[in-house]
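Asks: Show me how the following folds:
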Amino acid sequence: MDILLREAKKTDMKAVLFLIKELAEFENEGKAVEVTEDDLIRDGFGEQPAFKAFVAEESNEIVGAALFYERYSTWKGRIIHLEDLIVKHDHRNKGIGKSLYTKVLKYASDQKAKRVSWEVLDWNKVAIDFYENTGANIMDGWQVVHMKESSLMDFVNQK
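Replies: As a prediction, this is how the structure comes out:
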């Protein structure tokens, strides 16, 4: 199995969207994906890209992807946020996820990032074990907070 890891291109976004939808299904959130291929192209490849991505390609097929972006920590400085690390269901347990993960961590190190952060679902024991075995620290006591678009608009439009 020869896997090619490379930076994503605009033409990869259809396959990346497929992976995103597959991940959403795995996480029992299949109907939650709103982003489109056009959104990914606009947001990832415009004048000020909102994210970067690496893809894993096998026999000219995208079988994995890692999407990430830069953030700034008031405590640490520049950090990288790994938004999603996705491997097609039928390609898991072949080292593809670890290769993508390693590529993102190497990128972060090359960029002199002080930290790489991401979220993992508390029931995803396989992922948690993997991350902990690589030296990552699962933060107890921290809760992820999201404000959905409708709540955001309601709050902003309060008089």
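
Asks: Just give the nearest non-adjacent residue to the residue sitting nearest the centre point of the chain, would you?
Replies: Residue closest to the mean C-alpha point of the chain, counted by CA atoms, centre = their mean, is residue 84 at 1.9 Å. Leaving aside its sequence neighbours, residue 84 sits nearest to residue 67 (CB to CB, 6 or more residues apart in numbering; 5.1 Å). Backbone N, C-alpha and C define where each C-beta goes, glycine included.

Asks: Neighbours of residue 19, how many?
Replies: 22 (other CB atoms under 10 Å).

Asks: meant to ask about residue 88
Replies: Counted with other CB under 10 Å, residues neighbouring residue 88 total 19.

Asks: contacting residues around it?
Replies: Shown in contact with residue 88 (CB atoms under 8 Å, 6 or more residues apart in numbering): 19, 22, 63-64.

Asks: Check what pLDDT it gets.
Replies: According to the prediction, residue 88 has pLDDT 97.
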